[in-house]
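Undergrad: A structural model of the following input is requested.
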Amino acid sequence: MLDNGEPSFAILSYEMYKDLVLGGKEKEIKINHAVTNGISHNEGGISPVKPVLPDNELEILERINKDILALKSEIEKEERLVSID
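TA: Now for the predicted structure:
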């Protein structure tokens, strides 16, 4: 993960972590492509693959998203009423 172009944290395997801690040597990790949240964002026109969720989790997620959109709409209406007064 980069923060203003500088690494802020990295995800390592346990073996690599042990080598770094116990070995006492610095190792350079080369990054060949950009990856965000485990999804590769290729510039080759290929859209990222979404993780597959079980049906019950997908239904719960859709319901939560609908609730969020309803609340957002309600907040926007309230803000418009307050700004009119």
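
Undergrad: which stretches of the protein form helices?
TA: Using DSSP state H, the helices of the chain run over residues 14-23, 55-84.

Undergrad: Least confident of those, on average?
TA: Lowest mean pLDDT of these: helix 14-23, a mean of 77.

Undergrad: Now that one: buried residues?
TA: By neighbour count on 16 or more other Cβ atoms under 10 Å, the buried set for helix 14-23 is empty. Bear in mind the C-beta positions are built from the backbone N, C-alpha and C, glycine included.

Undergrad: got it, and stretch 52-61?
TA: For stretch 52-61, burial by neighbour count (16+ other Cβ under 10 Å) applies to no residue.

Undergrad: So which of the helices of the chain is nearest S8?
TA: helix 14-23 (17.0 Å; Cβ to Cβ).

Undergrad: Mind putting the helices of the chain into a markdown table with distance to D3?
TA: Shown next, in a markdown table, are the helices of the chain (distance: least, Cβ to Cβ, whole Å):
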| stretch | distance to D3 |
| --- | --- |
| helix 14-23 | 20 |
| helix 55-84 | 28 |
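
Undergrad: Which of those sits closest to N4?
TA: Closest among the helices of the chain, using Cβ to Cβ: helix 14-23, at 23.9 Å.

Undergrad: With only the CA atoms kept, save that closest one in CSV.
TA: Only the C-alpha atoms of helix 14-23 are listed here, as CSV (Å, rounded to 0.1, in the frame of the first residue of the first chain):
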residue,chain,number,x,y,z
TYR,A,14,4.5,-15.8,7.4
GLU,A,15,7.7,-17.4,6.0
MET,A,16,8.9,-14.1,4.6
TYR,A,17,8.1,-12.3,7.9
LYS,A,18,10.1,-15.0,9.8
ASP,A,19,13.0,-14.5,7.5
LEU,A,20,12.9,-10.7,7.9
VAL,A,21,12.7,-10.9,11.7
LEU,A,22,15.0,-13.8,12.4
GLY,A,23,17.4,-13.2,9.5
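
Undergrad: Right, I'll call it a day here.
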